[in-house]
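> Pasting a predicted model and its sequence here:
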Amino acid sequence: MKPLHFLFLFLFFYLSVPALSYAVYDANAATITATDFVRTSCYATLYTDVCYSSLSRYANDIQQDPARLARAAIGVTLSKARNLAVYVSNISREPDYRADTGARAALHDCFSNMGDAVDEIRGSLKQMQQRVAPGSETFRFQMGNVQTWMSAALTDEETCTDGLEDVAEGPMKREVFKRAAKLKKLTSNALALVNSYAEKGTM
């Protein structure tokens, strides 16, 4: 009985280990495929490195779905836009800028522009959360809305920094420009991914 028992255990482990190894390999392969999808999709954007670094962490959720990719890009952009709006609002209340009429007005305008951008990006995200059949009239209408709003958000972000050009150089101005530059790249990338998805969906 003992030799048979030993043989049974040997066969069990011999057959199980490759199956377990394959399961692990298959899971890794799925992750790599999703990550590669994000990387190759980012080639459609102007800022490929920013695109990949901001979206690769969501690869498992995105898989190989261009709609999920565009939605994730818009979501990341919305978070950064909200952060910049809050930052501009906070510094506009600081004594140094409250006493400077020109700086205060420029920051107020920038905050207004960022508020509009946040609304437009939020509206785009809501549209993308409503899944409709690609190629349909509803799909074209939906994508048209998202493209229009994301383009408008990019314009508002540009207007924000344009209005700060005449403000004296300093840490505040540099920080706003730094954050706005990153936001504009994210918005541009999100719009490019939306355009790519819209084009594929109407082919």
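Looks like it arrived, so ask away. Numbering: from 1, shown residues only.

> hang on, F111 packs against V88?
Yes: under the criterion of CB atoms under 8 Å, F111 makes contact with V88 at 4.7 Å. Using the backbone N, CA and C atoms, a C-beta is placed for each residue, glycine as well.

> Neighbour count for the two, which is higher?
Under the criterion of other CB atoms under 10 Å, the comparison of F111 against V88 puts V88 first, with 26 against 20.

> what helix or strand is the residue nearest the centre of the chain on?
Geometric centre of the chain, nearest residue: A73, 2.2 Å, by CA atoms, centre = their mean. Using DSSP states H and E, A73 sits within helix 66-91.

> Now do stretch 104-119, average pLDDT.
For stretch 104-119, mean pLDDT rounds to 94.

> Quick one: low-confidence residue ranges for the protein.
Within the chain, the segments meeting pLDDT under 70 span 1-32, 96-99, 202-203.

> what are the ranges of the helices in it?
Here the chain has its helices, by DSSP state H, at 2-41, 48-55, 59-62, 66-91, 95-98, 101-128, 137-162, 171-201.

> and the third one, how far from the chain's centre?
Just to be clear, that refers to helix 59-62. Put simply, helix 59-62 sits 12 Å off its chain's centre (CA atoms, centre = their mean, to the nearest Å).

> And for the fourth one?
With CA atoms, centre = their mean as the basis, the distance from the averaged C-alpha position of helix 66-91 to the chain average is 7 Å.

> list the buried ones in it?
66-78, 80-82, 84-85, 87-88, 91 (16 or more other CB atoms under 10 Å).

> Let me see the contact set for V176.
Residues in contact with V176, defined by CB atoms under 8 Å, 6 or more residues apart in numbering, are 84, 87-88, 91, 110, 160-161, 164.

> wait, which of these is closest to A190?
Nearest to A190 among these is L84, at 14.9 Å by CB to CB.

> any idea what sits nearest the closest one, other than its immediate chain neighbours?
Closest residue to L84 apart from its sequence neighbours, by CB to CB, 6 or more residues apart in numbering: R179 at 5.0 Å.

> quick one, what contacts the one you found?
Contacts here follow CB under 8 Å, 6+ apart; on that basis R179 touches 80, 83-84, 87.

> From F37, how far off is it?
Distance of R179 to F37, given as CB to CB, to the nearest Å: 29 Å.

> how close does S136 get to K200?
From S136 to K200 the distance is 14 Å (CB to CB).

> for G75, same thing?
G75 is 20 Å from K200, where distance means CB to CB.

> residues touching the closest residue to T187 other than its chain neighbours, list them.
Leaving out its chain neighbours, the residue that sits closest to T187 by CB to CB, 6+ apart is L154, at 4.8 Å. By CB under 8 Å, 6+ apart, the residues touching L154 are 184, 187-188, 191.

> Next: S54.
73, 76, 186, 189.

> my read: V194 touches L69, true?
No: using CB under 8 Å, V194 makes no contact with L69, being 9.6 Å away.

> on that earlier part again, farthest-apart pair in the contacts of V176, please.
Most distant of the contacts of V176, by CB to CB, are I91 and T161, 14.3 Å apart.
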